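K.L.:
give me a 3D structure for the following:
(2 chains, ligands or ions: 4)
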Amino acid sequence: MKTSRRVHLRQLFFAIILIVLFWTLVPVVMIQKHEGKFPVRLQMPVVSAEDRFPRPEFESGYERPARVTPAPRPAWRDYLDIGVLAAALGLAAWFSMTSRSRKGLFLIACFGAAYFGVVRGGCVCPVGSIQNVVYALANDAALPVYVVSFFLLPILSALLWGRVFCSGVCPLGALQEIVLIKPLRVWPLVDRVLRFLPWVVLAVVMITASAGRFLLCAIDPFVNIYRLSGDMTILIAGGIVLLISTMIARPYCRYVCPYGAVLGACARLAKTNLAITPDHCVRCGMCVNACPVGAIDSPVSGEFTPQELKRERIILVLLILLLPVVAVALSSVGRSLSTRVTNKNPDVILARLLNEEDPEAVKRYRWDETALLDGFRQSGMTVEEANARAQRVIHNGLLMGNIAGGGLGIIAMLGLIGLTLRRGRKDYLANPSRCIRCGRCWQACPRQAFVDQQKMGSALPETEKPLEM
Amino acid sequence: MNDESVQERRSVLKTILRWVGLGALAISGGALLRRSTAHATVWQIDPRKCIGCGRCERECVLNPSAVKCVHSYAICGYCDLCSGYLETYAAKRDMAAENQLCPTGAIKRTFVEDPYFEYTIDEKLCIACGRCVRACEQYGNGSLYLQIRHDRCLNCNRCAIADHCPTNAIVRVSADQPYLLKDGEIKPSSSVPKKTAPKKPAKNIGGGL
Ligand code: SF4
Ligand code: SF4
Ligand code: SF4
Ligand code: SF4
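P.N.:
Numbers count the residues shown, from 1 in each chain, chains lettered A, B, ... in the order given. Ligands and ions are numbered 1, 2, ... in the order given. Now for the predicted structure:
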């Protein structure tokens, strides 16, 4: 009993340290940045107008009205949001692993939807920040501190505690969590295949983002719902996805979200994860049925016949040999995809127009080529600058195509290898890469057998803990 | 090989991998933070590139659009025959509604002194169609131009207009200098303008930031 309380305190302490650390680090970085020179790429160009008519000198004492320029949202709100994100992550970890409170997790989901969704309006969210980071790296564009923090904090939390971000801090996940009424089971084979899709989405999104197209934002089904405005098609699509999520838990999270895939990979290494204590488990399988996303793996026999073992070994060797082949093949697919994307980039089209390359091809795109040239003439950019920009877009696109495609190939093959390395499992296990910390399993468990891995063995509670604190 | 040693080995491996992961995160996070800016960024229209095509009216996620026409008094000619105010080939030279260029009558005209007129944009009425902008750019001083108004803009991660702008005029700028204004050299004749009381910003619709 005593030990377990100490464990609780240690986790709370850990969470607090993390939050405090963050709150002291951010202002330091901020102050440093403000002292440094502001990057040239963000400087305001001074626009001079063409004077066709002389500007009048007034004799009646008329004064020209002052300019009205409403300010954007203040900077402190961005930093407040970082703090709220860090605190919510810590709280979600506490609720899911220490106090075991499903109610708490549900409240976090409500808060996530209300604050990060409705109040904050959705942008920029950690899911979409992947694109900002890729774009900024590829194009040497500005990357605000708060965007970096939104990108990194959930990953850090996943390395420490698993996918606590997905439990409801994420506004997209929160909405799906709230509407989930009656989860149906997805047929495991279909689930296994669909589960790979987020990696494909990640590769495609990386390639398009490097060329300045933010695909993930364009297909985000929920942001329009939070704002109650925007493209009608996407709004309706969002409604349909929400309808589906009442029956099939978290379709977006499981089969689309690339950030969830990254978090899942990090969660495999997490320090603490949901665990089921073998000594307490009565093997009723209630948790398996309760888990809406099919994250709990049932025990499987570890006994293999020698033939089976031999076959698996052959498959394993074949897969390992195939890995580089697949990676190279997919990286060439990535390159060709990136060519298609950069062909539609306005910088690239402009340069091709200026060099009178393939004027017919340019007309096939939706960009109005005369407008593009008009804008170019008005802007006073030189042809060399335009060419250099196009070159960079093409070059970075190809590089990103290689990286994303090759990476996808490696991940796909590692996944297949993981399947053949199937080992026997004696206990029920909440798979960290899939568990999104909804809290349904420990509510369903008749023996409340779930305790932290930390508490395993050494610090088993003598009496059974009540479900919630 | 008993179960326990296998368990042990796996957990050691996991710990090592976790520290590798944390280290990689720290290094890449540090690198990202070092190249990042403390300043947030917002979307803005570069008036040098904008040709007033009218897509700003349709493509913004807000309806009406977060883009509004703004007027640079410093470079305006205060013309009687304002090409941004009147239809170019208006049959009569009166100021009746059918002769006005703006479809919503958002441009207000007030007499200053002979022969000068002041033109003001009523932002509540402006829908960012860009007609006055085109006309003023082609026939006038170019004092009417489009800007994203930050009391309305939701600062979408990817501005929906940017994907449709034919001249690639939508750019990200520092939130400290969120407007790309056309500035004439001529300053207002007195250094302390009388009409300084800024209008109350229009109410933010769309439930955003
Ligand atoms: S999987 Fe993606 S969308 Fe779902 S909760 Fe996690 S980060 Fe959010
Ligand atoms: S908390 Fe339990 S029920 Fe919820 S996703 Fe994780 S394993 Fe499944
Ligand atoms: S879409 Fe581009 S060119 Fe058209 S009005 Fe808007 S900023 Fe100007
Ligand atoms: S960022 Fe969004 S709200 Fe602002 S002008 Fe662009 S589309 Fe409209």
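K.L.:
domain ranges for the chain, per the record?
P.N.:
Went with chain A since none was named. Chain A is divided into the following domains under automatic domain parsing: A:2-29+A:77-278, A:306-420.
K.L.:
not quite, I wanted chain B
P.N.:
Annotated domains of chain B cover B:1-39, B:41-174 [automatic domain parsing].
K.L.:
pick the most deeply packed of these.
P.N.:
Scoring those by mean neighbour count under mean count of other CB atoms under 10 Å in any protein chain shown gives domain B:41-174 as the most buried, with a mean of 20. Backbone N, C-alpha and C define where each C-beta goes, glycine included.
K.L.:
lowest average pLDDT across the domains of chain B?
P.N.:
Per-stretch mean pLDDT for the domains of chain B is lowest at domain B:1-39 (a mean of 81).
K.L.:
quick one: it to chain centroid distance?
P.N.:
A distance of 42 Å separates the C-alpha centroid of domain B:1-39 from that of its chain, computed with CA atoms, centre = their mean, to the nearest Å.
K.L.:
quick one: is stretch A:346-354 near chain B?
P.N.:
Yes - judged by CB under 8 Å from any CB of the partner chain, stretch A:346-354 comes into contact with chain B at A:P346, A:D347, A:L350.
K.L.:
ok, and which of the residues you listed reach ligand 2?
P.N.:
Of the residues in the residues of stretch A:346-354 next to chain B, proximity to ligand 2 by CB under 6 Å from any ligand atom holds for none.
K.L.:
okay if I get those residues as TSV plus distance to ligand 4?
P.N.:
TSV is the format used below for the residues of stretch A:346-354 next to chain B (distance: CB to the nearest ligand atom, whole Å):
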residue	distance to ligand 4
A:P346	16
A:D347	19
A:L350	21
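K.L.:
closest to ligand 3 out of the residues you listed?
P.N.:
Within these, the smallest distance to ligand 3 is 10.6 Å, found for A:P346 (CB to the nearest ligand atom).
K.L.:
next, the spatially closest residue to the closest one that is not a sequence neighbour: secondary structure please.
P.N.:
Of all residues not flanking A:P346 in the chain, B:N168 sits nearest, at 4.1 Å (CB to CB, 6 or more residues apart in numbering or on different chains). State at B:N168, reduced to three classes by DSSP: H, G, I helix; E, B strand; the rest coil: coil.
K.L.:
show me what contacts B:N168?
P.N.:
For B:N168, the contacting residues are A:P346, A:D347, A:L350, A:L372, A:G375, B:K49, B:A162, by CB atoms under 8 Å, 6 or more residues apart in numbering or on different chains.
K.L.:
likewise A:P144?
P.N.:
A:P144 neighbours (CB under 8 Å, 6+ apart): A:D78, B:S36, B:T37, B:A38, B:H39, B:A40, B:T41.
K.L.:
hang on, the earlier thing: got JSON lines for the domains of chain B, with distance to A:S331 too?
P.N.:
Shown next, in JSON lines, are the domains of chain B (distance: least, CB to CB, whole Å):
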{"stretch": "domain B:1-39", "distance to A:S331": "21"}
{"stretch": "domain B:41-174", "distance to A:S331": "26"}
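K.L.:
of those domains, which is nearest A:V134?
P.N.:
domain B:1-39 (11.3 Å; CB to CB).
K.L.:
just to revisit the earlier point, quick one, which of the domains of chain A is packed in tightest?
P.N.:
Buried most deeply of the domains of chain A, by mean count of other CB under 10 Å, is domain A:2-29+A:77-278, with a mean of 20.
K.L.:
near ligand 1, anything from that domain?
P.N.:
Yes - using CB under 6 Å from any ligand atom, domain A:2-29+A:77-278 reaches ligand 1 at A:V127, A:F165, A:C166, A:C170, A:L172, A:G173, A:Y252, A:C253, A:C257, A:Y259, A:G260.
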